[in-house]
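>>> Have a look; sequence and predicted model below, questions after that.
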Amino acid sequence: MFSTAIIVFRETLEAALVVSIIMVASYGVAGRGLWVGSGAALGFAGACLLAVFAGAITAAAEGIGQELLNATILMVAVIMLGWHTVWMSQHGREISREMGEVGKAVAAGDRPLYALAVAAGAAVLREGSETVLFLYGIASAGEDSTGEILSGALLGGAAGIGAGLLLYRGLLSIPMRYLFGVTNAMILLLTAGLAAQAAGFLVQADIIPALGGPVWDTTGILSEKSLLGKVLHSLVGYEARPSGVQVLCYVVILGGLLLLSALVRSRQHHSRRAGAGLLALGLAAGLTGLLWAYNAGAECKICYPNIAYREVEIEHNFSITFAKRTDRNHDSAAWSRSV
Amino acid sequence: MPFRHGLLFCVIAAMAPLSVYPSKSGAQDAGYALTIYDDRFEPSTLNVKAGVKFQLRVKNARKVAAEFESSELNREKVVPPGQSAVIYVGPLAPGTYPFFDDFHQSTRGRLIAK
């Protein structure tokens, strides 16, 4: 039971910390509980669905389906939180002023709560699917009784959510006039951390290059396996052994969002539309640029000997070969040849 | 809300990783296979070539889900029961890289890059 509880705790903790920050960031906005709560609930429902299709997802896209999905979920969260950050740089001061004067929540109604709800849902979706898959596995194996599994899951889940609540209460004890500054900074670091995680998945799937690494190795000082390491990983994207591209992504997203926020702040009276265009361009270019950059460099790439359907192989003598799909996933002969 | 269209555009941009298939092609020099059994990895010590990127195919022969994980390799991936997962690793500096099953932490193995 306790081994189950520990695994559920670890997975729940990450999602709970993210949801806590989001709840603090939206403090005082009418209807935030409903929005963020429904986001998280939908995320959980999605997680169950993902767990059902886990086998198909793992086999999809030649074995890297999981990574593509994880990276996509993380990128959606990055965009939503980035969106919120820039929005706050535009309206944060007004809200802060209002809250200082009235002494309670009177924040504007058009605050992008949907962005926060989607981000919360994405966090729960990602961590939840692994938990559900794990629990479903031990339940169907029948080694542990249903009662044991349920109590383990509830215990671990409650502990994870408890840790999130602790963070929530702790952050709310910050004086109101500093609260927005602190939560904005935390969302910024969280966003950069999620982007670095997404990059990690794309490296694991061999879609983007690692660009060297590990850039540093702090496993001996603070392991990612330790509780503190795990918490810092969830909150600010701490990595004990990051690859070059992960550090790059972190810096680009952090710097890019700071720059965009400054731009929006200084220009909001002149042109909001320009700010919107910049935001869209900046984020889109930042996130997809890496993919393009990698494809652009593909001319000197040595290709896999097996050709996928619709893939074109250009030989040195300029003859073009179209090969039928040989279904690399299940072609054991081809696999053993390449081993 | 002039921002809305920008946001929509960004979300679509985030889907870019999903569009990679089927143009993806590997550039790795070698592949290695690893199987997770109830109590062990097979092989428990995997010798690989240092300095080249390679594909690791992890098969889960258990009846329950497993998670191949290694902080030294900076990799983690859930493998559903009976499934095989593909993980790209490296290029690695010569050395020993321990790995384990995060869902059953007594199941451990190591990878030696030479």
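Sure thing, it's come through. Numbering: from 1, shown residues only, chains lettered A, B, ... in the order given.

>>> A:Leu69 sits in which helix or strand?
Using DSSP states H and E, A:Leu69 sits in helix A:65-102.

>>> I'd like the next helix or strand past the lowest-mean-pLDDT helix or strand in chain B.
Ranked by mean pLDDT, DSSP states H and E, the helix or strand of chain B with the weakest confidence is helix B:3-14, at a mean of 66. Where DSSP H and E defines the elements, the next helix or strand beyond helix B:3-14 is strand B:30-36.

>>> Local confidence estimate at the nearest residue in space to A:Ile174 that is not next to it in sequence?
Distances taken as C-beta to C-beta, 6 or more residues apart in numbering or on different chains place A:Val182 nearest to A:Ile174, at 5.5 Å, with adjacent residues excluded. In short, each C-beta sits where N, CA and C put it, glycine included. At A:Val182, the predicted lDDT confidence score is 90.

>>> With B:Gly82 instead?
89.

>>> A:Thr321 now?
pLDDT, read off for A:Thr321, is 45.

>>> now do A:Leu150
Per the predicted model, pLDDT is 92 at A:Leu150.

>>> pLDDT of whichever strand or helix holds B:Phe68, averaged?
Assigned by DSSP H and E, B:Phe68 belongs to strand B:66-70. Regarding strand B:66-70, the rounded mean pLDDT is 93.

>>> Report whether it contacts chain A.
Yes. Strand B:66-70 is in contact with chain A by C-beta under 8 Å from any C-beta of the partner chain, via B:Glu67.

>>> from memory B:Ala113 sits against B:Lys53, does it?
No. At 11.6 Å, B:Ala113 does not count as touching B:Lys53 under the criterion of C-beta atoms under 8 Å.

>>> Who has more neighbours out of those two?
Set B:Ala113 next to B:Lys53 and count neighbours by other C-beta atoms under 10 Å in any protein chain shown: B:Ala113 wins out with 21 against 17.

>>> Which pLDDT does the model give the more buried one?
pLDDT, B:Ala113: 94.

>>> Quick check: phi and psi at it.
Main-chain dihedrals, B:Ala113, degrees, to the nearest 10: phi -100, psi 130.

>>> Kindly report the same for A:Trp216.
Dihedral angles for A:Trp216 - degrees, to the nearest 10 - are phi -140, psi 160.

>>> Please apply the same query to B:Lys77.
Dihedral angles (degrees, to the nearest 10) for B:Lys77: phi -160, psi 130.

>>> give me the low-pLDDT residue ranges for chain B?
B:1-13, B:15-29 (pLDDT under 70).

>>> Please name the spatially closest residue to A:Asp222 (chain neighbours excluded).
Careful, residue A:222 is Leu; it's not Asp. With C-beta to C-beta, 6+ apart, the residue lying closest to A:Leu222 is A:Gly229, at 5.0 Å.

>>> now swap in B:Glu72 and tell me
In space, B:Glu72 is closest to B:Tyr97, 4.3 Å off (C-beta to C-beta, 6+ apart).

>>> which residues touch the helix or strand harbouring that neighbour?
Element membership of B:Tyr97, judged by DSSP H and E, is strand B:95-101. The contact list for strand B:95-101 (C-beta atoms under 8 Å, 6 or more residues apart in numbering or on different chains) reads B:36, B:41, B:50, B:66-70, B:72-73, B:75, B:107-113.

>>> and the helix holding A:Leu69, how far from the chain's centre?
13 Å (C-alpha atoms, centre = their mean, to the nearest Å).

>>> Which residues of the stretch 51-200 of chain A lie near chain B?
A:54-55, A:58-64, A:66-69, A:71-72, A:75-76, A:78-79, A:83, A:87, A:110, A:115, A:130, A:133-134, A:136-138, A:140-141, A:200.

>>> and stretch A:49-56, which residues are buried?
When burial is assessed from 16 or more other C-beta atoms under 10 Å in any protein chain shown, stretch A:49-56 yields the following buried residues: A:50-51, A:54.

>>> so of those, which ones are in helices?
Members of these lying in helices (criterion: DSSP state H): A:50-51, A:54.

>>> and the residue most central in space within chain B, bridged to which residues?
The structure's chain B has its C-alpha centroid closest to B:Ile87; by C-alpha atoms, centre = their mean the separation is 2.8 Å. Note on B:Ile87: beta-bridge partners by DSSP bridges are B:Leu56.

>>> Confirm that A:Arg169 sits in a helix.
Yes. Counting by DSSP: H, G, I helix; E, B strand; the rest coil, A:Arg169 is found in a helix.

>>> so how far is B:Glu76 from B:Asp101?
11 Å (C-beta to C-beta, to the nearest Å).

>>> Which one of the residues in the stretch 1-150 of chain A is closest to chain B?
Residue of the stretch 1-150 of chain A nearest chain B, by C-beta to the nearest C-beta: A:Gly63 (2.9 Å).

>>> And for the residue positioned nearest the centre of chain A, nearest residue in space, chain neighbours not counted?
In chain A, the residue lying closest to the centroid (C-alpha atoms, centre = their mean) is A:Leu74, at 2.7 Å. Spatially, and ignoring its direct neighbours in sequence, A:Leu74 is nearest to A:Ala198 (3.8 Å; C-beta to C-beta, 6+ apart).
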